[in-house]
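Student: A structural model of the following input is requested.
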Amino acid sequence: MTGHGPVSYRAGVDVRTGGRGRSIASNPAPRGERSPLRRNKDFNVFWLGQALSVLGGSVSLLALPLLVLEATGSVVQLGLITVVSGATAIGTGLFAGYVADRVDRRRLMIVCDLARAVLLGAVPVVWWAGGPRIWLLYVLTALATVLKTLFDVAYVTAVPTLVRTGDLTAANGRLMGTFALGTLLGPVAAGFITTAVGPDWALGVDGATFLVSAASLGWVRFRRPAEGGAAPARPGAGAGARVLRDVFVVGFRFLWTHALLRPLTVLLTLLTFVTMGAVDLLIYHVRSDLDRDAATLGYVIALSGIGVVAAALGAGRLRRTLGFGPCWLASVTLIGVAVAGIGVSGSVPVIAVFAAVFMFGTTLAGVSSMTLRQEVTPDHLLGRVTSAFWTVHNASGPVGAAVLTVLAARHGVPAVSVAGGAFCLLIVGAGLLTPLRAARKDAPGVDRRVKAGEEAARRQ
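Tutor: Numbers count the residues shown, from 1 in each chain. You can find the predicted model right below:
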């Protein structure tokens, strides 16, 4: 689920990649330079600061759509906000890694935090002074998404400068666990704040957490990257074209020539068409169709975080037991059932259960696809392949969000949700006709094609 949904795998943290064409594993910390994780002051300050920021961000995930509904009462306007967020993230993602690789990353993160604090802090002031301004929310969404994307890329590439190479897995596990906890607690806090003082002030609270994040980054000492590797190309004739080729075309070529990544990219693009707008349908269904208050909606979204936690804890074992193909296809099946169930149910507890199933499916599918990319992609291409993968499959999300919300306004959420669930099951059927049905990448007939793709990649 992307946009302003509870979790995003485009905007989410891919623990191996850092921006464009850069891998965390390619920049190891020298032995002995950092303390063990439990005594690593820099990482723990960074971790605690980001924990509060994630909690505030989870407040905004609910507060922003509630503010749109309060100002307009329109599910179409809610969908357009998602479109703006998704489209801006795609556009920014094309150059965010390039920027993060060429500036001081700590300063970039601090600037992004301070700018977001100003933007979000201005919302309650404007609402108090002049009343609702829907155009402001569009501008806010676009600018905040640019800043978030830049921050996320710098954030991922900064982690290996804080911990020893052997602590990377544990460090990323703590950060992912913090994110999961934020998805549980943030919506509940948003519901209470919105009920007490309004969704505009809930956004202001999120702005304050960015100030804390910026302050914590000021206390953190980032190790300078080790010297070595390819130096950035000097600007010159055709430099822009070379950058675009290095960032996107090479990665896309690898995706298209790989026996497993090609069908995965195509099918995930179709799936994202449904999932990006699914949170808008859930919010509108609970608030408008069922006429429940913001606190109730906060509980529903918070309970959906149980699915994130369960999938994060069980993904490794499930993937080892079932293999990638069955694991990913089963996840899509769960997503389809959940999308349909959320739309047709009139019971809030049942909707909460389906929301948890939806988040379990999206998290398990995301972890599975990320792990597959890490396994089959040569290290020197991992960043570019991830960039191309994210850009391609997320491109359909804003279009899908617009289509789903417009159809929901005309035909109702239940009918659109059932259609969306059926579309997910068609994706599963299509996947069974591809090499994805194989349990493991080294299954007979798949291994030969995978190796051929990897050999072609080494010649890039």
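Student: While we're on Val220, how confident is the model there?
Tutor: You'll see Val220 listed with a pLDDT of 83.
Student: quick one: it and Trp47 touch, right?
Tutor: No: the criterion here is Cβ atoms under 8 Å, and Val220 misses it with Trp47 at 9.8 Å. For glycine as for every other residue, the C-beta is placed from the backbone atoms N, C-alpha and C.
Student: ok, which stretches of the stretch 1-150 of the chain are strands?
Tutor: With strands called from DSSP state E, counting those that start in this stretch, the stretch 1-150 of the chain shows none.
Student: and Phe415, what does it touch?
Tutor: To be clear, residue 415 is Ala; Phe isn't right here. Contact partners of Ala415, counting by Cβ atoms under 8 Å, 6 or more residues apart in numbering, are Gly343, Leu407.
Student: Quick check: phi and psi on it?
Tutor: Dihedral angles of Ala415 (phi, psi; degrees, to the nearest 10) stand at phi -60, psi -40.
Student: Check what pLDDT it gets.
Tutor: Value for Ala415, per-residue pLDDT: 94.
Student: Kindly provide the distance from it to Pro199.
Tutor: Per Cβ to Cβ, to the nearest Å, Ala415 is found 28 Å from Pro199.
Student: List the buried residues in the host helix or strand of Ile301.
Tutor: Using DSSP states H and E, Ile301 maps to helix 294-322. Of the residues in helix 294-322, 294-312, 315, 318-319, 322 count as buried by neighbour count, 16 or more other Cβ atoms under 10 Å.
Student: what about that helix, distance to the chain center?
Tutor: 15 Å (Cα atoms, centre = their mean, to the nearest Å).
Student: Average pLDDT for that helix, rounded please.
Tutor: For helix 294-322, the per-residue pLDDT averages 81.
Student: Same check on stretch 113-130?
Tutor: Mean predicted lDDT for stretch 113-130 stands at 90.
Student: show me where pLDDT drops low in the stretch 301-450 of the chain?
Tutor: Counting by pLDDT under 70, the stretch 301-450 of the chain shows low-confidence ranges at 374, 379-384, 386-387, 439-450.
Student: Helices of that one, start to end?
Tutor: All helices of the stretch 301-450 of the chain, identified by DSSP state H, counting those that start in this stretch, fall at 324-344, 348-376, 382-394, 396-411, 413-431, 446-458.
Student: what does the stretch 101-250 of the chain give?
Tutor: 105-130, 134-158, 168-197, 199-219, 239-244, 250-257.
Student: of all those helices, which lies closest to Gly431?
Tutor: Among the helices of the stretch 101-250 of the chain, helix 250-257 comes nearest to Gly431, with 16.1 Å by Cβ to Cβ.
Student: Pull out the C-alpha coordinates of the closest one and format them as PDB.
Tutor: This file holds the C-alpha atoms of helix 250-257, laid out as PDB (Å, rounded to 0.1, in the frame of the first residue of the first chain):
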ATOM      1  CA  VAL A 250      20.600  -0.500 -17.300                       C
ATOM      2  CA  GLY A 251      18.300  -1.600 -14.400                       C
ATOM      3  CA  PHE A 252      15.300  -1.900 -16.600                       C
ATOM      4  CA  ARG A 253      17.200  -4.000 -19.100                       C
ATOM      5  CA  PHE A 254      18.200  -6.400 -16.300                       C
ATOM      6  CA  LEU A 255      14.600  -6.700 -15.200                       C
ATOM      7  CA  TRP A 256      13.400  -7.400 -18.700                       C
ATOM      8  CA  THR A 257      16.000 -10.100 -19.400                       C
END
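Student: tell me the mean pLDDT over the helix or strand just after it?
Tutor: Heading C-terminal from helix 250-257, the first helix or strand you meet, by DSSP H and E, is helix 261-284. Across helix 261-284, pLDDT averages out at 90.
Student: Specify the angle between helix 261-284 and helix 348-376 in degrees.
Tutor: Counting by axes from the mean of the first three to the mean of the last three Cα atoms, to 10 degrees, helix 261-284 lies at 160 degrees to helix 348-376.
Student: how far is helix 261-284 from where the chain is centred?
Tutor: For helix 261-284, the distance to the chain centre is 12 Å (Cα atoms, centre = their mean).
Student: What residues sit buried inside that helix?
Tutor: Buried, per 16+ other Cβ under 10 Å, within helix 261-284: 261-284.
Student: buried residues in stretch 203-220?
Tutor: 203-207, 209-214, 216-217, 220.
Student: CA atoms only for that stretch - export them in PDB, please.
Tutor: The C-alpha trace of stretch 203-220 is given here as PDB (Å, rounded to 0.1, in the frame of the first residue of the first chain):
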ATOM      1  CA  LEU A 203      -0.600  17.200  11.100                       C
ATOM      2  CA  GLY A 204       0.900  19.900  13.200                       C
ATOM      3  CA  VAL A 205       1.900  17.300  15.800                       C
ATOM      4  CA  ASP A 206       3.700  15.400  13.000                       C
ATOM      5  CA  GLY A 207       5.500  18.500  12.100                       C
ATOM      6  CA  ALA A 208       6.800  18.800  15.700                       C
ATOM      7  CA  THR A 209       8.200  15.200  15.500                       C
ATOM      8  CA  PHE A 210      10.300  16.200  12.500                       C
ATOM      9  CA  LEU A 211      12.000  18.900  14.600                       C
ATOM     10  CA  VAL A 212      12.900  16.100  17.100                       C
ATOM     11  CA  SER A 213      14.300  14.000  14.200                       C
ATOM     12  CA  ALA A 214      16.400  16.900  12.900                       C
ATOM     13  CA  ALA A 215      17.700  17.600  16.400                       C
ATOM     14  CA  SER A 216      18.700  13.900  16.900                       C
ATOM     15  CA  LEU A 217      20.500  13.900  13.500                       C
ATOM     16  CA  GLY A 218      22.500  16.800  14.700                       C
ATOM     17  CA  TRP A 219      23.800  14.700  17.600                       C
ATOM     18  CA  VAL A 220      24.800  11.800  15.400                       C
END
